[in-house]
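[1] starting from these lines, generate the structure:
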Amino acid sequence: MGDQEIEVLTARDVPLGGVRAMTVRRTLPQRARTLIGAWCFADHYGPDRVAETGGMDVAPHPHTGLQTVSWLFSGEIEHRDSLGSHAFVRPGELNLMTGGLGISHTEVSTPGTTVLHGVQLWVALPAEHRHAPRDFQHHAPGRLRIDGAELRVFLGSLAGETSPVRTFTPLLGAEVVLDAGAEVTLDVAAEFEHGLLVDEGTVRFGGTSLRPAELGYASPGRSTLTLVNESGRPARAVLLGGPPFDEEIVMWWNFIGRSHEDIVAARADWERASDRFGTVDGYPGPRLPAPALPNAVLTPRRNPR
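    Numbers count the residues shown, from 1 in each chain. All right, here's what the predicted structure looks like:
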């Protein structure tokens, strides 16, 4: 893989949720790239000192047409949803929530959390499953040691490890921690495209150096990926992958649809407290209101050809 073959996506700062917003770094979606496989959204946050910032406090809000993937490096988040799930997101443990036709949930960092640090990811559901019923899955993958790297495979398969978590398209999701100066070559599915989101250190992905909060994109056709830690200390990254998702999607606020009308209907259903999204019990405050729709028709997005 040469330098020209890796596309580097830089993050932008975005406030997350309501009045007590924390700032996150968003690398997907952006103008240059909407999806990597079915991965359509990537927020990266922390290390956030909760005593100074207030941490995460996201009131009840809706989702359609997607799965949410929560993965932490430090801290703890309390999750509640309209399926009735009450769970905790902890470092090294995957929480995956499916909101096809509609779901709502809350995310609040716990009182014992001093430093909050992790990623929040979304997966677009394919058209045939975009109204899938609400679901919630939890999985704590084991640590796998290989060539100076430690892997945790939370979705899909890598290095002989396979996650039992159900998805609606083939996906790869794994945390990779590289020893100082380590180099690792991973066998991957050649039909997948891949993204490497760097959290700590400087990692050479193919021939391209990625700094913290940068996301490197590798197109399909590679059966191996080589990662090199160019730092004098351990480096950490999240590896994402999947076959190209060729469907056009419309993304607005917390909704994924296929048309402007899909989004208008979902927003209206949320604003009138429709049964479509259910209710979240146990949160001491009001729901998040939907923002106003733009004064234009929302158009489908897909990756550049």
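[2] give me phi/psi at the most centrally placed residue in the chain?
    The residue lying closest to the centre of the chain (C-alpha atoms, centre = their mean) is residue 121, at 0.9 Å. Backbone dihedrals for residue 121, given as degrees, to the nearest 10, come out at phi -130, psi 150.
[3] which one is it nearest to, not counting chain neighbours?
    Computed as C-beta to C-beta, 6 or more residues apart in numbering, the closest residue to residue 121 that is not its neighbour in sequence is residue 69, at 4.1 Å. (Each C-beta comes from the backbone N, C-alpha and C, glycine too.)
[4] do you know how far the one you found is from residue 301?
    Using C-beta to C-beta, to the nearest Å, residue 69 is found at 20 Å from residue 301.
[5] quick one: contacts for the residue nearest to residue 121?
    If you count contacts by C-beta atoms under 8 Å, 6 or more residues apart in numbering, residue 69 has them with 94-96, 120-123, 154-155, 173.
[6] please produce CSV containing the residues you listed, extended by pLDDT, distance to residue 209 and secondary structure.
    Formatted as CSV, the contacts of residue 69 follow (pLDDT from 0 to 100; distance: C-beta to C-beta, whole Å; DSSP: H, G, I helix; E, B strand; the rest coil):
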residue, pLDDT, distance to residue 209, secondary structure
94, 98, 29, strand
95, 97, 32, strand
96, 98, 31, strand
120, 96, 25, strand
121, 98, 23, strand
122, 98, 27, strand
123, 98, 28, strand
154, 98, 26, strand
155, 98, 26, strand
173, 98, 23, strand
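[7] so residue 282: helix, strand or coil?
    Per DSSP: H, G, I helix; E, B strand; the rest coil, the local secondary structure of residue 282 is coil.
[8] ok, now residue 268?
    Put simply, residue 268 is helix when judged by three-state DSSP.
[9] so how far is residue 290 from it?
    9 Å.
[10] kindly report the same for residue 245.
    Residue 245 is 25 Å from residue 290, by C-beta to C-beta.
[11] can you check residue 284 too?
    Distance from residue 284 to residue 290, by C-beta to C-beta: 21 Å.
[12] so which of those two has more stuff around it?
    residue 290 (19 against 7; other C-beta atoms under 10 Å).
[13] the more buried one against residue 264, yeah?
    No. Contact criterion C-beta atoms under 8 Å: residue 290 and residue 264 do not qualify, at 10.6 Å.
[14] what's the pLDDT at residue 23?
    At residue 23, the model reports a pLDDT of 82.
[15] secondary structure element holding it?
    In the assignment (DSSP states H and E), residue 23 maps to strand 22-28.
[16] in whichever helix or strand comes after that strand, which residues are buried?
    The helix or strand immediately downstream of strand 22-28 is strand 39-49, counting by DSSP H and E. Neighbour counts over strand 39-49 (16 or more other C-beta atoms under 10 Å) mark 39-46, 48 as buried.
[17] which helix or strand lies directly C-terminal to strand 39-49?
    Strand 39-49 is succeeded, C-terminally, by helix 50-53 (DSSP H and E).
[18] now could you export just the CA positions of that following helix as CSV?
    Presented in CSV, the C-alpha positions along helix 50-53 are these (Å, rounded to 0.1, in the frame of the first residue of the first chain):
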residue,chain,number,x,y,z
VAL,A,50,-15.6,14.8,33.9
ALA,A,51,-15.0,17.1,36.9
GLU,A,52,-14.1,19.9,34.5
THR,A,53,-16.5,19.2,31.7
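[19] show me where the chain has helices.
    Applying DSSP state H to the chain gives helices spanning 50-53, 260-271.
[20] okay, strands next: where are they in the stretch 201-305 of the chain?
    Along the stretch 201-305 of the chain, the stretches classed as strands by DSSP state E, counting those that start in this stretch are 203-205, 208-210, 215-218, 224-229, 235-242, 250-252, 255-257.
[21] what does the second one contact?
    Translated: strand 208-210. Among residues not part of strand 208-210, those counted as contacts by C-beta under 8 Å, 6+ apart are 1, 3, 6, 8, 196, 198, 202-204, 216, 230, 237.
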